[in-house]
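Peer 1: what follows is a predicted structure for the sequence shown.
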Amino acid sequence: MKARIVTLPGDGIGPEVTAAAVAVLNAVAAHYEHAFAVEEHPIGGIAIDTTGEPLPATTLAACQSADAVLLGAVGGPKWSDPAAKVRPEQGLLALRAALGVYANLRPLSVHPALAALSPLKDEKLKDVDVLFVRELTGGAYFGTKTRSADAATDECRYTVAEIERVARRAFALARGRRKHVTSVDKANVLETSRLWRATVMRVAADYPDVTLEHQLVDSMAMLLLTQPARYDVVVTENLFGDILTDEAAALAGSLGLLPSASLGEGNCGLYEPIHGSAPDIAGQGLANPLGAILSAALLLRHSLGLEGEAQAVEAAVAQVVEHGPRTRDLGGTAGTDAVLQAVLTALEDHATTRRAFFS
Ligand code: NAD
Ligand code: IPM
Ligand code: MN
């Protein structure tokens with residue numbers, strides 16, 4: 001198939017992990033006879049430096065006409081002055097809003113070979129398989145902000161329609177899994193959470209085959225550590241989802257492993273690892289590229305409908321996680337490129353075996 005993929009490497013380790021993910025996409029194209037046209041555009045701090053804006057109009061237009069968008073990370077100390085007028089992160093938020101990608105899927109599983117890296121005991125990590133569905137275009141991230149000399153506000157606003165569409169997405173996804181949805185809110189305190197809970201309960205009536213439970217976010221933060229295997233699909237608002245998924249990443253062994261897919265109504269999705277620009281290791285070739293590579297697998301699955309190819313990439317990554325080489329965050333000594341080369345070799349083996357099988 002033919003596809004146009006826009007890449008937005010961004011800042012810090014963003015370009016390092018994006019280059020690895022693009023190399024994997026190019027290998028998939030070569031092995032499975034697809035034609036992917038990959039086009040790179042600036043976003044974030046690098047875009048501020050070169051154009052003055054974190055999301056230049058040309059970048060946005062390219063994303064809006066692409067089949068899929070793959071992003072590295074944005075931000076870093078250079079642009080983090082609290083008094084700064086414009087910030088890299090604004091570019092990412094504006095892009096998510098403009099693409100209408102309201103459902104951010106963040107899958108979490110724990111590879112047995114990495115269980116020792118998790119702060120939890122092995123037996124707690126057995127069978128952990130959670131799909132977080134984070135609402136991505138509403139809440140405190142997008143409400144009105146005010147700032148005076150001695151006070152500041154961030155309005156947290158949700159409409160019924162915003163809650164309903166992400167809840168439907170979560171229930172539909174649960175149908176293809178273990179049919180259990182956990183909705184996380186703070187309905188004992190927040191009005192937005194009370195609307196959230198009432199709306200999710202109403203949506204649940206259309207999915208009688210899926211069970212629904214509610215958890216308050218503070219207790220959910222604890223339950224994720226004490227009983228992670230209990231959860232199937234976890235749906236929550238923007239800010240809670242941001243925090244809980246970084247916590248969840250610790251169970252997998254490293255923040256550098258978790259991918260994400262941000263989806264709206266159309267096929268064009270935004271794919272990014274959940275980690276940031278990691279300024280502490282940027283430019284040293286040390287970044288773990290697997291979260292970005294797994295995001296490319298999600299791109300193949302959700303935007304291009306290439307399930308077999310997505311599974312081949314995931315299998316190649318699993319093989320490298322198991323046998324190495326591993327980056328430092330996973331207890332190894334390898335750099336980004338060595339891990340990428342191992343993924344490419346595993347992918348090639350997979351494609352060769354498949355060709356032999358079908359010939
Ligand atoms: P971070 O995710 O960048 O880093 C947290 C820690 O995890 C660091 O120690 C880092 O070295 C490590 N880490 C992250 N990704 C890794 C990888 N692939 N391989 C190995 N180690 C990895 O979070 P932070 O330091 O709080 O934020 C830095 C900047 O990134 C901030 O400007 C923030 O706004 C931005 N950020 C951007 C995104 C995004 O673009 N989607 C996401 C999160 C944070
Ligand atoms: C993420 C990041 C972003 C978020 C920031 C960089 C705006 O932390 O993708 O998880 O909070 O959504
Ligand atoms: Mn985050």
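Peer 2: Sure, I can see it. Ligands and ions are numbered 1, 2, ... in the order given.
Peer 1: switch to C-alpha atoms for all contacts and neighbour counts from now on
Peer 2: Will do.
Peer 1: tally of neighbours for residue 249?
Peer 2: 23 (other Cα atoms under 10 Å).
Peer 1: for stretch 69-81, which positions count as buried?
Peer 2: 69-76, 79 (16 or more other Cα atoms under 10 Å).
Peer 1: in a markdown table, list these along with pLDDT.
Peer 2: Below are those laid out as a markdown table (pLDDT from 0 to 100):
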| residue | pLDDT |
| --- | --- |
| 69 | 98 |
| 70 | 99 |
| 71 | 99 |
| 72 | 98 |
| 73 | 98 |
| 74 | 98 |
| 75 | 98 |
| 76 | 98 |
| 79 | 98 |
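Peer 1: please compute how far stretch 21-41 lies from its chain's middle.
Peer 2: 20 Å (Cα atoms, centre = their mean, to the nearest Å).
Peer 1: sorry, slip of the keys, the one I care about is stretch 339-354.
Peer 2: With Cα atoms, centre = their mean, you get 23 Å for stretch 339-354.
Peer 1: could you export it as CSV, CA atoms only?
Peer 2: Written as CSV, here are the backbone C-alpha positions of stretch 339-354 (Å, rounded to 0.1, in the frame of the first residue of the first chain):
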residue,chain,number,x,y,z
VAL,A,339,19.1,-1.7,19.8
LEU,A,340,17.7,-0.5,16.5
GLN,A,341,20.0,-2.8,14.5
ALA,A,342,18.8,-5.7,16.6
VAL,A,343,15.2,-4.9,15.9
LEU,A,344,15.9,-4.6,12.2
THR,A,345,17.6,-8.0,12.2
ALA,A,346,14.7,-9.6,14.1
LEU,A,347,12.2,-8.0,11.7
GLU,A,348,14.1,-9.3,8.7
ASP,A,349,14.2,-12.8,10.2
HIS,A,350,10.4,-12.6,10.7
ALA,A,351,9.8,-11.4,7.2
THR,A,352,12.1,-14.1,5.7
THR,A,353,10.3,-16.8,7.6
ARG,A,354,7.0,-15.5,6.5
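Peer 1: near ligand 1, from the buried residues of stretch 69-81?
Peer 2: 73-76 (Cα under 6 Å from any ligand atom).
Peer 1: which of those residues sit farthest apart?
Peer 2: Spatially, the most separated pair among those is 73 and 76, at 9.5 Å (Cα to Cα).
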